[in-house]
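*Asks:* just the structure for this:
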Amino acid sequence: MNATVQTLGPLVEIRDLTVRFGQAEPVLQGVSLHINRGECLALVGESGSGKSVTARTLAGLTGKGAQIQAAKLAFQGIDLRRLSERHWQRLRGASIGFVMQDALGALDPLRRVGAEVEEPLHLHTTLGAEARRLRVLELLRDVGIPDPEWRAGQYPWQLSGGLRQRALIASAIACNPRLIIADEPTTALDATVQAQVIALLESLRGEDNALLMVSHDLSVVSRLADRVAVMHHGVIVEQGTTEQVLHDPQHPYTQSLLRAARAVHFQPERRLLTAVEAEPEPQGDVLLEARELSKSFNGPDGSRRTVLKKASLQLRRGETLGVVGESGSGKTTLTRLVLGLDTPDAGEVWIAGQQWSALDARQRRQARKAVQVVFQDPLNSFDPRYTVQRVLFEALSVAGLPRREWRSRAQQLLALVRLKDSVLFRRPIELSGGQRQRIAIARALASEPEVLICDEPVSALDVSVQAQILELLDDLKHRLGLACLFISHDLGVINHVSDRVLVMKDGEVVESGTVRAVFDRPVHAYTRALIAAIPTLEAERGPAVFYLQVAI
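*Replies:* Got it, this is the predicted structure:
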């Protein structure tokens, strides 16, 4: 770091920050940290640890009910404790850029993506309309959004989760702010786009600005952060350089986070398959089959765009088929066609030997019970007014179970996902992320399905909770004989859970096979690029890079 810049003092200073809401216990207690010009500080810890509250306090977004006390809370020497909302509005977007975790909630569903990215340029710069339009397209390209002219004309709900996240990042960096606060900026991104976004965030760091990153992804932290602060129950339990905290952690909580991350994401080196070796294919009955599915949609300009091209898959009893690919590769469209939520332009879906399109409405309802889905964000899939009991009772009613059996069956479902009966009377919003995902799995199991489709089921969860959910899914698969279609952008997770893997790019299946064959001897250039981007912690990078170089 430049010595001249250091003499100017930290860009951000926080000393003894305490935040509470109402009469509850403080969510932050005595937090002290600083961010120097030209550096990246990462806040890590589980959900509820206080990371996001710390970040939102620095952007003046804690909400009207927040009670904030601090010996010092400063940005560029400005005392943030004394700012009016009008002054905050001048700072946010211009000097402080904020990338929120929930892109769908942060973006206006009634405003096109281009207009969303343009707004800070309109508010905080003197650029003319044409210059703003060109800057928007440049920003969308910079964050890795393909076809920016087309995407700029779409609404957020028309984009995949990864594309929405990139659009939100583009909006946050539009005015080159001094401080970029990124709350889980790469959660929904695949490995290659994640690398692009990390490189982009890195490029935005100059001698006179800084980055505060909130993340549960320790591989991203290891690549981008200069220093790390570990939070637990509203307290910073460990701080230091990235090398020190990730490779010589002192606090037991930090050590537990690293153990969980290694268990899920960072696989030990495996022996490569020789040219004549083959891993045996699963031999169970075919429960789900897609045959050359194609689908196209009308774009904002009225032109027809093909988003899925002759995609095929087979899913057998007792196996897990992993589906990987970047945002916009066709994973979501393929899932919707398999679930019968959309109709393909060409091709067929078969469920347990029955052709989906040949079934009448009653037969489809019956067949759909055999295929259930667990979504990425369970909270948005629950009615916020419902208790857990009502969520499960509704699913059991749809499954056709007699009312007199609902209570006992709901208790059995909770036991399957390792939850106590006491959660029945709580609402999902009152539960942790891991508990909500377990409830979503329990709801999916209500109809006793044969196939479970898991759409990014752990991407929004902390690493320790990810390990628990993946272990649970594996246990359920073996105990109940389930087949799983597991969709994820995280190759570490796919490698961890899958028997076979299918790789998608630009709406096409470019490679498929057993997980060992695809990971150890990738054929397609895109697959090789994905595998080369599998995250590692710096201390483990030596053997991992050697493995990847040999594999490719």
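*Asks:* list the contacts of the residue lying closest to Gly50 once chain neighbours are set aside.
*Replies:* Closest residue to Gly50 apart from its sequence neighbours, by Cβ to Cβ, 6 or more residues apart in numbering: Gly234 at 4.2 Å. In this view, the C-beta of every residue, glycine as well, is placed from N, C-alpha and C. Gly234 makes contact with 26-29, 31, 49-50, 53, according to Cβ atoms under 8 Å, 6 or more residues apart in numbering.
*Asks:* so can I have JSON lines of the residues you listed showing distance to Asp490?
*Replies:* What follows is the contacts of Gly234, written out as JSON lines (distance: Cβ to Cβ, whole Å):
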{"residue": "Pro26", "distance to Asp490": "34"}
{"residue": "Val27", "distance to Asp490": "29"}
{"residue": "Leu28", "distance to Asp490": "30"}
{"residue": "Gln29", "distance to Asp490": "33"}
{"residue": "Val31", "distance to Asp490": "30"}
{"residue": "Ser49", "distance to Asp490": "21"}
{"residue": "Gly50", "distance to Asp490": "25"}
{"residue": "Val53", "distance to Asp490": "26"}
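*Asks:* which single one of the residues you listed is nearest to Ala129?
*Replies:* Val53 (38.1 Å; Cβ to Cβ).
*Asks:* SS state for that closest one?
*Replies:* Assigned by DSSP: H, G, I helix; E, B strand; the rest coil, the conformation of Val53 is helix.
*Asks:* try the one 3 residues further on
*Replies:* At Arg56 the chain is in helix, as set by three-state DSSP.
*Asks:* which residues does the closest residue to it other than its chain neighbours contact?
*Replies:* Leaving aside its sequence neighbours, Arg56 sits nearest to Thr62 (Cβ to Cβ, 6+ apart; 5.1 Å). Residues near Thr62 by Cβ under 8 Å, 6+ apart: 19, 53, 56, 68.
*Asks:* out of those residues, which comes closest to Ser95?
*Replies:* Of all the contacts of Thr62, Ser95 sits closest to Arg56, with 16.1 Å by Cβ to Cβ.
*Asks:* now do that closest one against Ile181, distance only.
*Replies:* Distance of Arg56 to Ile181, computed by Cβ to Cβ, to the nearest Å: 8 Å.
*Asks:* let me have the contacts of Gly234 in CSV, extended by secondary structure and distance to Gly128.
*Replies:* Below are these laid out as CSV (DSSP: H, G, I helix; E, B strand; the rest coil; distance: Cβ to Cβ, whole Å):
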residue, secondary structure, distance to Gly128
Pro26, coil, 48
Val27, coil, 44
Leu28, strand, 43
Gln29, strand, 49
Val31, strand, 43
Ser49, coil, 45
Gly50, coil, 43
Val53, helix, 39
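*Asks:* and these, which is the shakiest by pLDDT?
*Replies:* On pLDDT alone, Ser49 ranks lowest of these, at 86.
*Asks:* and for that residue, the neighbour number?
*Replies:* 25 (other Cβ atoms under 10 Å).
*Asks:* leaving out sequence neighbours, find the closest residue to it.
*Replies:* Going by Cβ to Cβ, 6+ apart, Ser49 has Met231 as its nearest residue, at 4.2 Å.
*Asks:* other residues contacting the helix or strand containing Val197?
*Replies:* Assigned by DSSP states H and E, Val197 belongs to helix 191-204. For helix 191-204, contacts defined as Cβ under 8 Å, 6+ apart pick out 40, 142-144, 162, 166, 169, 173, 176, 180, 182, 185-186, 189, 211, 213, 220, 223-224, 326-327, 489-491, 529-530, 533-535.
*Asks:* got the contact list for Leu107?
*Replies:* Leu107 sits next to 113, 116, 156, 164, 167-168 when contact means Cβ under 8 Å, 6+ apart.
*Asks:* of those, closest to Asn298?
*Replies:* Checking these against Asn298 by Cβ to Cβ gives Val113 as the nearest, at 16.5 Å.
*Asks:* okay, the closest one: pLDDT?
*Replies:* 95.
*Asks:* neighbours of it, how many?
*Replies:* Neighbour count for Val113, taken as other Cβ under 10 Å: 30.
*Asks:* circling back to that earlier point, Arg56 and Ile181 - which one has more neighbours?
*Replies:* Neighbours were counted for Arg56 and for Ile181 using other Cβ under 10 Å; Ile181 has more, 28 against 19.
*Asks:* just the CA trace of the host helix or strand of that one, in PDB.
*Replies:* Ile181 belongs to strand 179-183 when assigned by DSSP H and E. Only the C-alpha atoms of strand 179-183 are listed here, as PDB (Å, rounded to 0.1, in the frame of the first residue of the first chain):
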ATOM      1  CA  LEU A 179     -16.300   2.800  -0.500                       C
ATOM      2  CA  ILE A 180     -18.000  -0.300  -2.000                       C
ATOM      3  CA  ILE A 181     -19.900  -2.400   0.400                       C
ATOM      4  CA  ALA A 182     -20.700  -5.800  -1.000                       C
ATOM      5  CA  ASP A 183     -23.000  -8.000   1.000                       C
END
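*Asks:* just send the contacts of Thr62 back as TSV, with distance to Gly318 too.
*Replies:* Formatted as TSV, the contacts of Thr62 follow (distance: Cβ to Cβ, whole Å):
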residue	distance to Gly318
Val19	49
Val53	44
Arg56	45
Ile68	53
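*Asks:* out of the residues you listed, which is most surrounded?
*Replies:* Ranking the contacts of Thr62 using other Cβ under 10 Å puts Val53 first, with 25 neighbours.
*Asks:* out of the contacts of Leu107, which one has the lowest pLDDT?
*Replies:* pLDDT across the contacts of Leu107 is lowest for Arg164, at 85.
*Asks:* and that one, how far is that from Ala55?
*Replies:* To Ala55, Arg164 is 19 Å away according to Cβ to Cβ.
*Asks:* try Ile439
*Replies:* Relative to Ala55, Ile439 is positioned 27 Å away (Cβ to Cβ).
*Asks:* ok, now Val235?
*Replies:* Distance from Val235 to Ala55, by Cβ to Cβ: 16 Å.
*Asks:* report the buried residues of stretch 324-341.
*Replies:* Residues 324-340 are the ones in stretch 324-341 that count as buried (16 or more other Cβ atoms under 10 Å).
*Asks:* inside helices: which ones of these?
*Replies:* 331-339 (DSSP state H).
*Asks:* contacts for stretch 347-359, please.
*Replies:* So stretch 347-359 is contacted by 286-294, 310-312, 337-338, 340, 343, 363-364, 367, 370-371, 450-451 (Cβ under 8 Å, 6+ apart).
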